[in-house]
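Peer 1: Coordinates for the following, if possible.
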Amino acid sequence: MTVFNSDVGLGDPQATLRVYLANRPSLEPFAYPGEVLPLADGDIAQINSHEGNHWRKIFNVFAKFLYELKFNGTDDFSRWQDYRDVRMLQPGSGVALCYGAPAFLEADITALDSTSSRVILMGKQFAEECGFFKTDGAKWLDSRFAMNDNGVIVCPYFDYRQLSDERIRYLVSLIKNEA
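Peer 2: Just a heads-up that it's a prediction; the model follows:
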């Protein structure tokens, strides 16, 4: 399994599915945790109440995506909202939201073992800034999604309008076809 030693963000430090985004919440200790910080019960609600609608959308769309993917225990919950509040981004969840560009894009993309890890870059502009389109086989699959030879996926930002339910299903199909 790939080890992502330089990642900073929220979630399971041993995550096998990592979503990278350009920004971070301003609320401490979540803004600059120094590593991937596992969340506890109530942390998502605390971030949402402090940060507002932007982070609420990110967490909701992320939970809907993971629930549709049937990822690591989501089937233990009858609703994606319950999964979000009880398990998502907590120890053992297998998922993380990471801040900034993945270090492996800047170094050697072959360091990513795509058979044991899934990586998603959130947003076209962010992917361009990360240098994704300079990686081997990076190509647009349509006007919203891109992928490279290592299975790193670029998708729309986690917002209801940009990553609609239909686009969530498409993202799930991309991951399942790569698995």
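Peer 1: When you work out contacts or count neighbours from here on, use the C-alpha atoms and nothing else.
Peer 2: Fine.
Peer 1: among the helices and strands of this protein, which one scores worst on average pLDDT?
Peer 2: Every helix and strand in the chain was compared by mean pLDDT, DSSP states H and E; the lowest is helix 103-106, with a mean of 66.
Peer 1: Mind giving me the packing neighbours of the next helix or strand after that one?
Peer 2: Counting by DSSP states H and E, the next helix or strand C-terminal to helix 103-106 is strand 118-122. Secondary-structure packing of strand 118-122 (3 or more CA pairs under 8 Å, 6 or more residues apart in numbering; DSSP states H and E): strand 17-21, strand 153-155.
Peer 1: Can you name the next helix or strand after the helix ranked longest in the chain?
Peer 2: As assigned by DSSP state H, the longest helix anywhere in the chain is helix 53-69. Heading C-terminal from helix 53-69, the first helix or strand you meet, by DSSP H and E, is helix 80-86.
Peer 1: Alpha carbons of that next one, as CSV, please.
Peer 2: C-alpha atoms of helix 80-86 as CSV (Å, rounded to 0.1, in the frame of the first residue of the first chain):
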residue,chain,number,x,y,z
TRP,A,80,-25.5,8.9,3.7
GLN,A,81,-26.1,11.6,6.4
ASP,A,82,-25.7,9.1,9.2
TYR,A,83,-22.5,7.8,7.6
ARG,A,84,-21.2,11.4,7.3
ASP,A,85,-21.9,12.1,11.0
VAL,A,86,-20.8,8.8,12.5
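Peer 1: Give me the mean pLDDT for it.
Peer 2: Helix 80-86 comes out with an average pLDDT of 95.
Peer 1: in it, what's buried?
Peer 2: For helix 80-86, the buried set under the neighbour-count rule, 16 or more other CA atoms under 10 Å, comprises 80, 83-86.
Peer 1: next one: stretch 144-159
Peer 2: 145-148, 150-159.
Peer 1: Quote the end-to-end distance of that stretch.
Peer 2: Terminal residues of stretch 144-159 are spaced 13 Å apart (CA to CA, to the nearest Å).
Peer 1: ok now that stretch, how far from the chain's centre?
Peer 2: 10 Å (CA atoms, centre = their mean, to the nearest Å).
Peer 1: Stretch 25-36 too?
Peer 2: The chain centre lies 16 Å from the centre of stretch 25-36; the measure is CA atoms, centre = their mean.
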